[in-house]
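Chemist: my questions concern the predicted model and sequence given below.
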Amino acid sequence: IHAAYVRLDARWEQLSFVGGLRYERTKTDGEAFRFDVDTNRGVLQNVDRSYGELLPSLHFRYELTPDSILRWSYSTGLSRPHYPDTVPRLVISDEDREAEAGNPDLKATYSHNLDVSWERYLRPLGLISVAAFHKRLQDPIFIGTSTIGSGVESLRITRPENGDSGEITGLELAWQQTFDQLPAPFDGLGVYANYTWADSEADLPFGIGKTELPGTSRHNVNFAVFYEKHGLNTRLAYNSRSAFIQEFDAADRGLDVYWDRRELLDFTASYQFTSQWTAFAEINNLTDTKQRRYQGVRNRVLELEQFGRAWQLGLRFEY
């Protein structure tokens, strides 16, 4: 990847501005063996590709008061495919009659982004913010499955594909606060809370309809309580996300694959007893929640994962 950009900064009393134009040139080269059923041999495939994109951006920041800031921005972005997805590969599992294929024609997703936010800084140390965003996508990437053949000779192929367009609109609320004004020892307490709502829609490949963007949950919640004082740092964090689509089925939309809703509770603690030595502990997935992947409806379980709790204890030395 080669890139170059120009940038302009300006300020007029409470208003500041940053504008820029970036150009990125991407070149990829992929090789993989594909099995030829007619000759019963592997044949080396090679694909070269290069493309360039212009990425403009405009960012405005206005100080309503010394503790209150309004931001507005227009920007563009580029999300390239995962490299293995662009290699001309085909991996077949004869036992399961399933295959994974690369797509050398897969395009990067280009996005136009509009963001507006308001931030209020709370003394002595805190922040409240409200943000809204809208993204317009070109060539969103999906993981699709299709079936060729029939009966025992059928083969189910999973391959990344581009849709025509998509969009996502959302709202984000955040609050972070430390309670320094409380009497000791409670003056080390603090909270962090964040909620994001996102509504997305995208055209599926092959003109077979619309769906939500892959990997995009409608609701995301983060909440943490922390304590920081006299070298002690502890945090109890809760995370929740709603279900999201992972793969679509070209032949039967009732077989689309989803990751189910999941909640996590994690705990971390550390104590710095000298300027160089720190003891720490981490416990992930305290409630031992499962991950469920299903097709179409929740009771059609495709995969159920349970990893248990993860514990980590240690000493850290810094010099």
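Modeler: Sure, I can see it.
Chemist: how much space between Asp203 and Gly166?
Modeler: 7 Å (CB to CB, to the nearest Å). (C-beta placed from N, C-alpha, C; glycine too.)
Chemist: more neighbours: the two, which one.
Modeler: Gly166 (26 against 19; other CB atoms under 10 Å).
Chemist: quick check: neighbours shared by Asp203 and Gly166?
Modeler: Counting by CB atoms under 8 Å, 6 or more residues apart in numbering, the contacts common to Asp203 and Gly166 are Pro140.
Chemist: who's in contact with Leu21?
Modeler: Shown in contact with Leu21 (CB under 8 Å, 6+ apart): 5-6, 54-57.
Chemist: which of these are buried?
Modeler: Among the contacts of Leu21, those scoring as buried are 55, 57 (criterion: 16 or more other CB atoms under 10 Å).
Chemist: just the closest of the contacts of Leu21 to Glu303, please.
Modeler: Closest approach between the contacts of Leu21 and Glu303, by CB to CB: Leu55, at 37.4 Å.
Chemist: mind checking how far the closest one is from Leu232?
Modeler: From Leu55 across to Leu232, the span is 44 Å (CB to CB).
Chemist: which residue, neighbours along the chain excluded, lies closest to the residue nearest the centre of the chain?
Modeler: Centrality entry for the chain: nearest residue to the mean C-alpha point is Gly215, 7.0 Å, by CA atoms, centre = their mean. Of all residues not flanking Gly215 in the chain, Phe244 sits nearest, at 5.7 Å (CB to CB, 6 or more residues apart in numbering).
Chemist: torsion angles phi and psi at that neighbour?
Modeler: Phi and psi for Phe244, reported as degrees, to the nearest 10, are phi -150, psi 160.
Chemist: tell me if I'm right that it and Thr216 touch.
Modeler: Yes. Counting by CB atoms under 8 Å, Phe244 touches Thr216, with 5.6 Å between them.
Chemist: that concludes my questions; thank you for your assistance.
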